[in-house]
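Student: sequence first, then the predicted structure:
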Amino acid sequence: MSKGRTVSGGGRGVEVPPERVAGWFDRFGARHEGVSGTVITPSTVVVSAADGATATVEVPFAPIEDVGEWPGLRVEGLIAHLERPRLVGLVLVRLGGHSVGVASAGKVVVSRTDRHQVHGRSAAGGWSQQRFARRREGQARQSLEAAAKDVAEVLGSRVGELDAVVLGGDQRALDILRAERGLAAIFAIAESRVLDVPEPRRSVLDDAAVRAFSVEVVVRD
């Protein structure tokens, strides 16, 4: 099932699996009076419709080889790029939980998931609030230390085999992990997009494995 979201600056984004890309663009053309042209750069695909609408893809695992400008619809190169066999690392992190894995063809082949209790913020004031804040800070630190350890153990020895790493979860937590010197090689091959995911569990990791190999098409009318 395609996932959609509102995109900042206007437009809507829809995640489309590789096997549905051709049909999705055919339907886009049918809804917008036909396709007038396609422009492909190493990192983007822009399909323009006759009524002025556009469908833009930030190409995952860039660069794409089939670059140029053509009249009408031309996404065969994009589909071939998406269907190329790849081994992709997955790092999903939120305060209180993380799930790390390796995926191939949309399936998780190696994984590790863990949860750590991190209390929410307290509305109380004074000494109690300060003590609660220190406890929460300590829990958050332990949670992220555990996440960093699992990322290093699951992906560190395999980083030379990975084509890319796809991230998901809380941006602040991911930035803390990114600053870890021991994880530099892993984050160096991370894709720019960050998947919006709920509390990481194994089922969430399985879903992320599918999404990692999909494209997000941003439609602007």
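Tutor: Yes, it's here. Residues are numbered from 1 along each chain as shown.
Student: residue 148 contacts residue 178, correct?
Tutor: No - between residue 148 and residue 178 there is no contact under C-beta atoms under 8 Å: 10.2 Å. No exception for glycine: its C-beta is placed from N, CA and C like everyone else's.
Student: let's verify residue 14: helix, strand, or coil?
Tutor: Here residue 14 takes the strand state, with states given by DSSP: H, G, I helix; E, B strand; the rest coil.
Student: how many other residues sit next to it?
Tutor: A count of neighbours around residue 14, defined by other C-beta atoms under 10 Å, yields 18.
Student: same question, residue 151
Tutor: For residue 151, the neighbour count with other C-beta under 10 Å is 24.
Student: the strand or helix carrying it - what's its average pLDDT?
Tutor: Using DSSP states H and E, residue 151 maps to helix 126-155. What helix 126-155 shows for mean pLDDT is 73.
Student: check contacts around residue 79.
Tutor: Residue 79 sits next to 18, 21-22 when contact means C-beta atoms under 8 Å, 6 or more residues apart in numbering.
Student: let's see that with 10 Å instead.
Tutor: By C-beta atoms under 10 Å, 6 or more residues apart in numbering, the contact list for residue 79 reads 18-22, 25, 66, 215.
Student: please parse the chain into its domains.
Tutor: 3-83, 87-212 (automatic domain parsing).
Student: re earlier: of the contacts of residue 79, buried ones?
Tutor: Buried residues within those, counting neighbours by 16 or more other C-beta atoms under 10 Å: 18, 21, 25, 66, 215.
Student: elements contacting the helix or strand harbouring the third one?
Tutor: I take that to be residue 25. Taking DSSP H and E as the definition, residue 25 sits inside helix 21-31. The elements that helix 21-31 packs onto, with contact taken as 3 or more C-beta pairs under 10 Å, 6 or more residues apart in numbering; DSSP states H and E, are strand 12-16, strand 35-40, strand 44-49, strand 54-58, helix 76-82, strand 215-220.
Student: residue 150 contacts residue 115, correct?
Tutor: No - using C-beta atoms under 10 Å, residue 150 is not in contact with residue 115; the gap is 11.6 Å.
Student: overlap in contacts of these two?
Tutor: Here residue 150 and residue 115 have 98-99 as joint contacts, going by C-beta under 10 Å, 6+ apart.
Student: follow-up on the earlier one: following element in sequence after the helix holding residue 151, please.
Tutor: Assigned by DSSP H and E, the successor of helix 126-155 is strand 164-169.
Student: show me what contacts the closest residue to residue 52 other than its chain neighbours?
Tutor: Once flanking residues are discounted, residue 52 sits nearest to residue 221: 7.5 Å by C-beta to C-beta, 6 or more residues apart in numbering. By C-beta under 10 Å, 6+ apart, the contact set of residue 221 is 10-12, 31-32, 49, 51-54.
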